[in-house]
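Student: sequence first, predicted model second:
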Amino acid sequence: MSRVYNFSAGPATLPEEVLQEAAQEMLDYKGTGMSVMEMSHRSKAFQSIIDTAEADLRDLLGIPENYKVLFLQGGASQQFAMVPMNLMKHRVADYIVTGQWAKKAFSEAKLYGTANAVASSADKTFSYIPDCSDLPIDEDADYVYICENNTIYGTKFWKLPNTKGKILVADQSSCFLSEPVDVTKYGLIFAGAQKNVGPAGTVIVIIREDLIREDVLEGTPTMLRYKTHADAGSLYNTPPTYGIYICGKVFQWLKRRGGLAAMKEYNEKKAKILYDFLDQSKLFKGTVVKEDRSLMNVPFVTGNEELDAQFVKEAKEAGFENLKGHRTVGGMRASIYNAMPMEGVEKLVAFMDAFEKKNGK
Ligand SMILES: *Cc1c(COP(=O)(O)O)cnc(C)c1O
């Protein structure tokens with residue numbers, strides 16, 4: 001068996017320990033004689049899996065009691081519709097457009113009401129986070145929406161926007177559990193699992209209880225109402241059972257690692273190795289303004305498309321996978337989520353250094 005360093009933006013690398021545990025439990029989960037995949041979602045064993053996952057997540061993030069945790073399906077993209085369907089009571093919402101995912105959420109919201117783009121960084125290819133200290137927030141806005149970490153462009157909101165009292169909704173897919181978060185600052189957080197916590201298809205929603213309403217937009221399907229899932233403890237229908245099980249294992253792994261404060265420290269050190277290299281390199285350049293850099297997704301370029309392609313190819317041959325940038329951006333991107341070990345980044349940087357020297361810089 002040989003494992004590569006997988007820098008994919010998602011589905012992304014998972015902790016080896018978690019995969020090994022799952023492998024050991026594949027045929028017989030804790031004496032049940034079956035795999036978690038084959039198990040009834042109404043069984044005692046599965047109830048314990050989902051309860052433990054929720055308790056560990058609450059513990060990690062310090063989720064207050066007046067917030068519900070939901071394990072849903074449909075990925076993060078489903079939330080682009082669920083958020084307006086459930087929260088757009090006055091049919092107005094303000095969106096901060098900082099990349100492709102925010103743009104998609106913004107377009108989706110327009111299907112349900114008036115969505116305003118109150119700030120955008122499209123003018124400079126989303127390479128920065130706009131100043132959000134004094135935005136023209138609509139008086140009737142039901143919420144203000146951000147994509148907190150922009151997976152494709154590698155930017156991160158290090159300061160949350162001033163929503164002028166409106167509810168903040170955040171897509172945290174690619175920074176979820178990478179650092180401690182003050183949940184009380186948000187009305188709703190969602191995260192697709194496949195970036196930092198588990199298999200694709202599972203999406204985690206953390207929602208303040210008063211936002212779980214009966215009076216959702218007319219025509220909202222039962223399955224797309226937060227209330228349906230909150231009332232049923234995420235077991236209204238068959239949830240993504242195996243995904244929840246793996247997420248639960250990742251939560252336990254994070255606790256063993258010392259929790260989110262320790263994770264943040266580790267992630268900062270890890271990202272610094274790569275950013276420090278980029279800042280002194282004569283060949284490679286980061287594409288994001290320094291103060292808005294993500295700790296999770298690091299895009300960079302050589303400035304020469306052919307050389308970019310050659311780098312990606314040679315890196316792959318050396319065991320560094322999925323370094324090609326997003327198809328809309330080009331260049332390279334190293335996604336260095338929680339599960340990417342320090343060693344992976346150190347080796348990548350050594351490889352980049354050698355590539356630079358070989359190419360005469
Ligand atoms: C990947 C990603 C999505 C889309 O996730 P799906 O599960 O494929 O719907 C949405 N938002 C962000 C920030 C992402 O990184």
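Tutor: Structure's in. What do you need? Residues are numbered from 1 along each chain as shown.
Student: from here on, just use CA atoms for contacts and neighbour counts.
Tutor: Will do.
Student: which bits of the stretch 51-200 of the chain sit near the ligand?
Tutor: 75-77, 101, 147, 150-151, 171, 173-174, 192 (C-alpha under 6 Å from any ligand atom).
Student: among the residues you listed, which two are most distant?
Tutor: With C-alpha to C-alpha as the measure, no two of these lie farther apart than G75 and N150, at 16.2 Å.
Student: just the strands in the stretch 1-150 of the chain please.
Tutor: For the stretch 1-150 of the chain, the strands identified by DSSP state E, counting those that start in this stretch occupy 5-6, 67-72, 92-97, 114-120, 144-147, 149-150, in order along the chain.
Student: could you redo those as a markdown table and give each row mean neighbour count and mean pLDDT?
Tutor: Listed next are the strands of the stretch 1-150 of the chain as a markdown table, based on neighbours: other C-alpha atoms under 10 Å; pLDDT from 0 to 100:
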| stretch | mean neighbour count | mean pLDDT |
| --- | --- | --- |
| strand 5-6 | 22 | 98 |
| strand 67-72 | 23 | 98 |
| strand 92-97 | 26 | 98 |
| strand 114-120 | 19 | 98 |
| strand 144-147 | 27 | 98 |
| strand 149-150 | 30 | 98 |
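Student: make TSV out of those strands and add distance to L224.
Tutor: Written out in TSV, the entries for the strands of the stretch 1-150 of the chain read as follows (distance: least, C-alpha to C-alpha, whole Å):
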stretch	distance to L224
strand 5-6	34
strand 67-72	10
strand 92-97	19
strand 114-120	20
strand 144-147	19
strand 149-150	25
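Student: can you pull out the low-pLDDT segments for the stretch 251-361 of the chain?
Tutor: Counting by pLDDT under 70, the low-confidence segments of the stretch 251-361 of the chain come to 361.
Student: and the residue of it nearest the ligand?
Tutor: Checking the stretch 251-361 of the chain residue by residue against the ligand with C-alpha to the nearest ligand atom singles out N297 as nearest, at 9.6 Å.
Student: grab the nearest non-local neighbour of that residue.
Tutor: S335 (4.3 Å; C-alpha to C-alpha, 6 or more residues apart in numbering).
Student: check A22 too.
Tutor: In this structure, A22 finds its nearest non-sequential neighbour in I246, 7.5 Å apart by C-alpha to C-alpha, 6+ apart.
Student: for that neighbour, give its distance to T163.
Tutor: Applying C-alpha to C-alpha, to the nearest Å, one obtains 35 Å for the distance of I246 from T163.
Student: these two: which has the busier surroundings?
Tutor: Here I246 and T163 are compared on neighbour count by other C-alpha atoms under 10 Å; more neighbours surround I246, at 23 against 20.
Student: which SSE is that one in?
Tutor: In this assignment (DSSP states H and E), I246 forms part of helix 241-256.
Student: and if you look at T328?
Tutor: Here T328 sits in a region with no helix or strand, counting by DSSP H and E.
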